[in-house]
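[1] coordinates for the following, if possible.
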Amino acid sequence: MLKKILSIPKAGWQWLTRMKTALVLMVLLVLGALPGALLPQRSLNKDNVAKYIAANGKTAEIFDKLQLFDVFSSTWFAAIYVLLFISLIGCILPRTVDHYKALRTAPPRAPKVLSRMPNYVVGEVDTPVEEIKGKLKKEFKGWQVNEVTPEDDRAGKWSLSAEKGYLREAANLVFHMSLVGVLIAVVAGRLLYYEGQVIVVAGTDQSQFCNSAVSNFDSFRHGALFDGTGLTPYCVNIKDFNAHYLDSGQAVSFESNIDYADSKTAMLPTDQWHQGKLRVNHPLRIQGDRVYLQGHGYAPTFTITWPNGEKRTDTVQFRPDDLTYFLSSGAVRWDPPAGMYPSLYERRQHQISIQGLFAPTAEFTGKGGALLTSRYPAMKDPAVAIDIYRGDTGLDSGRNQNIFSLDPEALHSGSMQKLDRVNLKKGETVTLDDGTTITFDGAQEFVNLQVSRDPTVLWVLFFAVLMLVSLVTSLMVKRRRFWVRLSENAAGGTSIEIAGLSRTDSAGWGSEFHRRAERILGLEEEDLDEDFDSDGMNWNESFDDGLDEAISRARGDMD
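    Residues are numbered from 1 along each chain as shown. Below you'll find the predicted structure:
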């Protein structure tokens with residue numbers, strides 16, 4: 001009973017370290033990654049996941065319990081790739097040891113009957129045996145060679161075994177080790193990486209971003225081993241944003257002219273910074289970080305004037321809801337100036353906020369032209385449609401708020417009261433009941449920058465290239481083996497038997513065997529072919545002839 005219990009882990013290990021098991025696990029890994037490509041993932045966009053769950057009800061709840069919205073951090077996905085690591089390592093390491101031993105082991109002795117080999121030829125030459133031996137050493141230079149004396153030879157004659165093509169197996173092992181290297185590098189990268197997004201309004205006092213603190217990002221993700229203190233210090237200044245569109249509104253190109261400085265030049269005046277351009281799929285590479293131009297949108301500018309004459313101008317980014325014509329939504333919040341109200345409570349009750357839509361090229365539709373939409377993505381005739389609220393916006397409540405919308409709980413509870421709904425074009429103003437005015441001053445374009453750092457990306461590239469090179473090598477190199485047996489004939493010359501065997505794909509092997517046999521026997525190619533035909537020395541051809549004859553006889557009997 002104890003032996004059976006102890007044999008279970010051993011049997012499980014043997015099953016896990018089979019190459020078939022590794023292939024099955026690789027297929028499972030690919031299949032497991034499909035939900036991550038087809039379903040929204042929390043790590044990328046929590047809002048999309050929430051919308052998907054709200055729209056699909058019970059089905060989405062089941063998906064959520066199965067961790068299909070967190071595929072790449074799920075326990076089952078981690079279990080698959082951990083088992084795959086163990087399986088591949090368990091497959092490869094023993095094979096590596098065996099291959100190393102094979103490299104140090106001489107090729108096996110020649111079979112007793114060489115004529116049974118797929119490629120075989122025999123001949124007589126006038127050259128003495130010793131001279132032929134020297135010729136063979138030159139012929140098989142660079143091969144793994146084993147000379148066998150008559151006492152040890154199976155046929156009682158001097159023989160030579162030569163083998164080549166060990167590089168095929170070595171390349172095969174390198175391929176699998178590179179695969180393990182890619183997987184390890186990817187996992188290490190996910191533990192050490194960081195990635196952040198930040199919105200920068202081009203050409204304004206908000207156009208500069210410095211990669212100096214995690215708090216400078218609008219959103220930030222990182223690996224388990226990143227502690228937040230290892231950011232690469234540099235600054236980027238977005239001078240402008242240029243977009244080109246077709247008449248249909250389809251985007252042709254996006255680019256931004258930028259200035260940037262690393263930690264050594266950041267203290268210099270900005271006119272001495274490095275100049276560059278950001279384009280889609282052409283990131284700025286600086287000190288191992290990559291800065292991508294990931295997206296763009298519009299940031300409307302509003303000026304609010306309170307009854308006491310104080311003004312404040314804010315440029316706030318709106319979220320593009322329509323990525324074709326860039327109809328965007330957003331919100332702006334203002335605190336009244338200090339001293340306008342006798343208490344902090346009164347001041348909170350008089351906070352002003354707006355929420356609504358922005359169109360870069362406005363078109364008003366519906367009854368009385370009350371509905372705002374956009375008819376072109378470029379900013380030709382900007383306008384906004386906004387709802388204006390007064391009341392406690394909840395900015396100091398301690399709850400997280402969406403930058404693009406007002407707090408829905410505050411709206412539903414009545415702590416914010418709606419004052420007006422207006423459509424404003426550039427330069428137009430709305431006046432509230434207490435004399436406060438809000439002016440729409442136009443808009444600026446913003447860019448969404450993504451800063452990424454993965455210290456293992458070069459290792460992934462190295463192992464991927466090594467995989468490709470080793471795979472091609474394993475397909476091109478052929479494992480083959482030669483046996484040559486010598487004996488002295490009655491005339492003082494040498495009787496030579498030559499046999500060959502391809503250990504892998506035999507394509508092209510026959511021609512190589514013939515060429516080497518020709519050089520060993522010292523024959524011209526035509527003479528060698530004649531000897532093959534007259535003596536019936538090619539076992540493959542004899543077998544094929546016999547098979548054809550047997551088939552013909554069988555057909556005759558059937559007739």
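
[2] which elements pack onto the helix or strand where Glu130 lies?
    Following DSSP states H and E, the helix or strand that holds Glu130 is helix 129-139. Counting contacts by 3 or more Cβ pairs under 8 Å, 6 or more residues apart in numbering; DSSP states H and E, helix 129-139 packs against strand 158-164, strand 480-488, strand 494-502, helix 509-521. Placement of C-beta: from N, CA and C, glycine included.

[3] next helix or strand past the strand or helix carrying Leu173?
    Following DSSP H and E, one finds Leu173 within helix 166-192. Per DSSP H and E, the first helix or strand lying C-terminal to helix 166-192 is strand 194-201.

[4] how many neighbours does Arg481 have?
    Close neighbours of Arg481, defined as other Cβ atoms under 10 Å, add up to 20.

[5] residues touching it, list them.
    The contact partners of Arg481, by Cβ atoms under 8 Å, 6 or more residues apart in numbering, come to Pro107, Ser161, Ala162, Glu163, Gly500, Leu501, Ser502, Arg503.

[6] rewinding a little: pLDDT (mean, whole number) over the helix holding Glu130?
    In this model, helix 129-139 has a mean pLDDT of 90.

[7] how far off centre is that helix?
    In terms of Cα atoms, centre = their mean, to the nearest Å, the centre of helix 129-139 is set 54 Å apart from its chain centre.

[8] what does stretch 419-435 contact?
    Under Cβ under 8 Å, 6+ apart, the answer for stretch 419-435 is 307, 352, 362, 364, 370, 372, 381-390, 437-442.

[9] Produce a ChimeraX select command limited to the buried residues of those.
    Buried subset of the contacts of stretch 419-435, written as a ChimeraX selection, criterion 16 or more other Cβ atoms under 10 Å:
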select :352,362,372,382,383,384,385,386,387,388,389,390,438,439,440,441
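
[10] what residues sit buried inside the host helix or strand of Phe220?
    Phe220 is part of strand 219-222 when elements are defined by DSSP H and E. For strand 219-222, a neighbour-count test (16+ other Cβ under 10 Å) marks Phe220, His222 as buried.

[11] just to revisit the earlier point, now do the buried residues in the helix holding Glu130.
    Residues of helix 129-139 classed as buried under the neighbour-count rule (16+ other Cβ under 10 Å) are Val129, Ile132, Lys135, Leu136, Glu139.

[12] what does that helix rub up against?
    125, 127, 145, 158, 160, 484, 486-488, 494, 496, 516, 519-520.

[13] picking that back up, so can I have TSV of the helices and strands packed on helix 129-139 showing distance to Tyr100 and mean pLDDT?
    TSV is the format used below for those (distance: least, Cβ to Cβ, whole Å; pLDDT from 0 to 100):
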stretch	distance to Tyr100	mean pLDDT
strand 158-164	16	91
strand 480-488	19	90
strand 494-502	23	90
helix 509-521	26	85
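
[14] out of these, nearest to Ser452?
    Counting by Cβ to Cβ, Ser452 lies closest to strand 158-164 out of the helices and strands packed on helix 129-139; the figure is 46.8 Å.

[15] count of neighbours near Gly142?
    7.

[16] count of neighbours near the closest residue to it other than its chain neighbours?
    Once flanking residues are discounted, Gly142 sits nearest to Lys164: 7.4 Å by Cβ to Cβ, 6 or more residues apart in numbering. Neighbour count for Lys164, taken as other Cβ under 10 Å: 19.

[17] now Lys164: how far from Ile520?
    Going from Lys164 to Ile520 by Cβ to Cβ, to the nearest Å gives 15 Å.

[18] then Gly295?
    Distance from Gly295 to Ile520, by Cβ to Cβ: 70 Å.

[19] adding distance to Leu225, write the contacts of Arg481 out as a markdown table.
    Below are the contacts of Arg481 laid out as a markdown table (distance: Cβ to Cβ, whole Å):
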| residue | distance to Leu225 |
| --- | --- |
| Pro107 | 49 |
| Ser161 | 53 |
| Ala162 | 52 |
| Glu163 | 47 |
| Gly500 | 55 |
| Leu501 | 52 |
| Ser502 | 50 |
| Arg503 | 46 |
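
[20] farthest pair within those?
    The most widely separated members of these, counting by Cβ to Cβ, are Ser161 and Ser502 (15.0 Å).

[21] buried set for stretch 105-114?
    Applying 16+ other Cβ under 10 Å to stretch 105-114 flags Pro107, Arg109, Ala110, Pro111, Leu114 as buried.

[22] what does that stretch rub up against?
    117, 120, 144-146, 148, 152-155, 159-163, 481, 483-485, 497-499.
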